[in-house]
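Q: model the structure of this input:
(one chain, ligands or ions: 3)
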Amino acid sequence: MNSPQLLRTAAELKAAVAEALAAKSAAGAGAGEEPLSLGLVPTMGALHQGHRSMMDAARAENDVVVATVFINPLQFNDPEDLRRYPRTLEADVELLGAAGVDLVFAPDEDEVYPEGAPLVRVSSGELGARYEGASRPGHFDGVLTVVAKLLHYASPAAASGTPVRYRAYFGQKDAQQLVLIRRMVADLNFDTEVRAVPVVRAPDGLAESSRNGFLDPVHRRAAAVLPRALFSLRDRVSAGEPPDLAAAVALVKAQPLVELDYFDIVDPQTLQPLRPTDGPLEKPALALLAAQVGSVRLIDNLPLENPDTA
Ligand SMILES: Nc1ncnc2c1ncn2[C@@H]1O[C@H](COP(=O)(O)OP(=O)(O)OP(=O)(O)O)[C@@H](O)[C@H]1O
Ligand SMILES: CC(C)(CO)[C@@H](O)C(=O)[O-]
Ligand code: BAL
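A: Ligands and ions are numbered 1, 2, ... in the order given. The predicted model follows:
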């Protein structure tokens, strides 16, 4: 297992990115058809198998892989959620080493926000005010602002005389976040390719999440109703039947320990609701939900595709 270099400041990261790319270049990377490449994987730490699969994807596609571990206060609307967010840097660095990550950027809050909360932020607009944004006001402006900063910190642009392909990895589990990051990169001309990584699930279907550790065994078992409802919806759609959202909602509501926030069927690119009331789905869609399970808020989603219109 290699031990990744741990960088605490933007200046250290910049120097380490330049050095790592130069070493790869000297070893012959980027000399053929494929340019030299750098993969960035932003996280908030408390890493699990979902994160591991993003690291694996980045490792498979890039010469240099940078992971970031930063709990971004700007995206928390609930101070208690921020206070208790799990902090496990030592174990995280171990997982990142096992995944072959080269550099780990774990800055302090003062490094990222030296003047305190920034005056100028990236606005997530109308799309950022729906679903997760409706329940967590300001969340997506905070996410986009820090992702913009992280993309700048790790940018290979200035680090090398040769062109470097820059890819950034995000989980499909945070579907709305992913759509918004794609929009930011397109709307603001970031020179970065956004790569989506499929949701990694526990054996009972629950999406892996750093907050799952807060569930006691009873709530943990109850939470499995969320993927059950999503997969029941998907199975109907895959069989060419209309999506019965009401039945899927009823399944969740029958579990008293789970309080549904939203459950909808949306366009995967725009997140506009697509709610056929009788006929089958006419184009690929995404089922999207959030629920409170005990003290934990969980989100999940699943693509829906009608084989007759695929
Ligand atoms: N189960 C998963 N499968 C694939 N990607 C995931 C999964 N869980 C998280 N990710 C991705 O990992 C990245 C970092 O997410 P984050 O560190 O917030 O972890 P998390 O488990 O989503 O934590 P939480 O849900 O408690 O905020 C995001 O791009 C997120 O979509
Ligand atoms: C992308 C991210 C690391 C930004 O803080 C965070 O929102 C997350 O972990 O999904
Ligand atoms: N994975 C999304 C980060 C958050 O819940 O704040």
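
Q: gap between the residue in the stretch 1-150 of the chain positioned nearest to ligand 3 and residue 126?
A: Proximity of the stretch 1-150 of the chain to ligand 3 (Cβ to the nearest ligand atom) peaks at residue 75, 4.9 Å away. Where you see a C-beta, it was placed from the backbone N, CA and C, and this is true even at glycine. Between residue 75 and residue 126 the distance is 18 Å, computed by Cβ to Cβ, to the nearest Å.

Q: if I look at the residue lying closest to the residue of the stretch 1-150 of the chain closest to ligand 3 once chain neighbours are set aside, what pLDDT would I see?
A: Once flanking residues are discounted, residue 75 sits nearest to residue 142: 3.2 Å by Cβ to Cβ, 6 or more residues apart in numbering. pLDDT for residue 142: 98.

Q: wait, a helix at residue 142?
A: Yes. When DSSP: H, G, I helix; E, B strand; the rest coil is applied, residue 142 is found to be in a helix.

Q: show me the contacts for residue 107.
A: Contacts for residue 107 (Cβ atoms under 8 Å, 6 or more residues apart in numbering) come out as 8-10, 68, 70.

Q: give me the number of residues near the closest residue to ligand 3 within the stretch 101-250 of the chain?
A: Nearest residue of the stretch 101-250 of the chain to ligand 3, counting by Cβ to the nearest ligand atom: residue 174, 4.7 Å away. Neighbours of residue 174 under the rule other Cβ atoms under 10 Å: 20.

Q: one more: residue 125?
A: Quick note: residue 125 (other Cβ under 10 Å) scores 15 neighbours.

Q: any weak-confidence spans in the stretch 101-250 of the chain?
A: Low-confidence segments of the stretch 101-250 of the chain (pLDDT under 70): 158-160.

Q: span of stretch 31-51 from start to end?
A: Across stretch 31-51, the terminal residues are separated by 30 Å (Cα to Cα, to the nearest Å).

Q: how is the protein divided into domains?
A: Domain assignment for the chain by automatic domain parsing gives 5-197, 210-304.
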